[in-house]
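Q: only geometry, no sequence info:
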């Protein structure tokens with residue numbers, strides 16, 4: 001029998017509902033504190049309550065949704081401690097990823113990185129926060145991919161949606177938008193020169209700056225009363 005191309009499975013209703021709610025949370029269309037019920041979400045999405053309930057349960061496990069006392073569920077507030085933990089993790093693994101990227105990058109990889117830098121600069125010029133967030137994610141995932149360590153990619157794919165939420169707050173400051181892409185370009189230059197030590201040091205400084213800015217930008221959230 002001749003070989004046939006495999007088909008990617010279509011997303012289930014639960015996956016579609018999950019992605020729709022998650023994107024609305026990360027894009028800010030569902031702000032922190034917004035109440036979520038199975039009934040209201042199901043009505044808006046024109047689906048039954050069952051897939052909505054499953055999607056909300058998964059989002060709660062991933063800390064995008066939290067308990068709201070007797071009010072049921074709500075969009076979780078941005079948690080400073082949780083974001084600090086993410087940046088501590090990134091500071092542990094991303095300099096290593098940059099070192100490996102400098103070792104592994106081909107000429108074609110560098111060209112691809114330059115295209116991402118160009119997209120980021122265009123997003124700065126356009127003052128588009130959604131495009132800036134998307135380009136920033138592409139650049140950092142590019143570093144993980146160049147490391148050739150699949151665990152880095154899988155781990156950070158799970159955490160980047162939390163970072164998307166925080167970056168919406170940080171990127172309100174226009175000067176910082178420009179600084180991010182200056183730092184990205186410096187990292188790419190070090191990778192292109194195969195200077196792993198310089199790439200790691202630049203990534204470490206970049207993440208340290210970002211961690212400080214996230215802590216400053218995130219609001220202090222009072223403890224919710226049940």
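A: Here it is on my side, so go on. Everything numeric here is computed off the predicted structure, so don't read it as measured data.
Q: Can you name the residues that contact residue 124?
A: By CB atoms under 8 Å, 6 or more residues apart in numbering, residue 124 lies in contact with 132, 177-178, 181. Glycine gets a C-beta too; all of them are placed from N, C-alpha and C.
Q: and residue 156, how far is that from residue 214?
A: Distance of residue 156 to residue 214, computed by CB to CB, to the nearest Å: 16 Å.
Q: An error on my part: the question was meant for residue 167.
A: 8 Å.
Q: what does residue 175 give?
A: 16 Å.
Q: Also residue 144?
A: Residue 144 sits 19 Å away from residue 214, going by CB to CB.
Q: More neighbours: the two, which one.
A: Applying other CB atoms under 10 Å to residue 144 and residue 214 shows that residue 144 carries more neighbours, namely 23 against 20.
Q: The more buried one touches residue 156, doesn't it?
A: Yes. Residue 144 is in contact with residue 156 according to CB atoms under 8 Å; the separation is 5.7 Å.
Q: Remind me which helix or strand residue 111 belongs to.
A: helix 107-126 (DSSP states H and E).
Q: ugh, typo on my part, it should be residue 177
A: Using DSSP H and E, residue 177 maps to helix 174-192.
Q: Distance from the chain centre to that helix, please.
A: 18 Å (CA atoms, centre = their mean, to the nearest Å).
Q: which element follows it toward the C-terminus?
A: Next along from helix 174-192, by DSSP H and E: helix 196-217.
Q: what angle separates that following helix from helix 174-192?
A: 160 degrees (axes from the mean of the first three to the mean of the last three CA atoms, to 10 degrees).
Q: What residues sit buried inside helix 196-217?
A: Buried residues in helix 196-217, counted by 16 or more other CB atoms under 10 Å: 196, 198-203, 206-207, 210-211, 213-214, 217.
Q: what does stretch 93-112 give?
A: Using 16+ other CB under 10 Å as the burial criterion, the residues of stretch 93-112 that qualify are 93-95, 97-102, 104-105, 109-110, 112.
Q: and if you look at stretch 178-190?
A: Using 16+ other CB under 10 Å as the test for burial, stretch 178-190 gives 179-181, 183-190.
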